[in-house]
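Enquirer: Here's my sequence, what's the structure:
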Amino acid sequence: MGQFPTNDGIIGQAMPLTAAMIASIDVRPAWLFENQSGTLGTNLNSSVIYCGVMPADATISVILSGVTAVGGGPPVAGQAITFEGLQSGSILPVAVDYVTAVAGNGVAVGDFIVCK
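Expert: Below is the predicted model:
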């Protein structure tokens, strides 16, 4: 352990967002270190999203941590909220469980990095 251990204010894990992560809502963890089943899901488990190079019209639709469907169970895509005006090099300051869509002129899924 180093002199400066990680804490809630420091990113200690990162992975690129992939198309498979936004294809559907699968409650199994998307993080390999949290998922011991051998099959990754799409649950980002309270991650934050780093925005790489973003055009002016970039958007990302996410389901925030703790959201459940009416009556319980996993959330549905209709419960997503969309963030607009994303700035290049910024971190979306919300805890995210699922990404449901990315859009914008020339925006690619790989322009986003999922961080914990």
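
Enquirer: what helix or strand is residue 53 on?
Expert: Using DSSP states H and E, residue 53 maps to neither a helix nor a strand.

Enquirer: That one: neighbour count?
Expert: Close neighbours of residue 53, defined as other CB atoms under 10 Å, add up to 11. Backbone N, C-alpha and C define where each C-beta goes, glycine included.

Enquirer: And for it, nearest residue in space, chain neighbours not counted?
Expert: Nearest-residue entry for residue 53: residue 88, 5.0 Å, with adjacent residues in sequence omitted and distances by CB to CB, 6 or more residues apart in numbering.

Enquirer: what sits against that neighbour?
Expert: Taking CB atoms under 8 Å, 6 or more residues apart in numbering as the contact definition, residue 88 lies against 51, 52, 53, 54.

Enquirer: I'd like the next helix or strand past the longest strand seen in the chain.
Expert: When the chain is scanned for its longest strand (criterion: DSSP state E), the result is strand 90-103. Moving toward the C-terminus from strand 90-103, the next helix or strand (DSSP H and E) is strand 112-115.

Enquirer: and that next one, what other elements does it pack with?
Expert: Here strand 112-115 touches strand 14-16, strand 47-51, strand 90-103, going by 3 or more CB pairs under 8 Å, 6 or more residues apart in numbering; DSSP states H and E.
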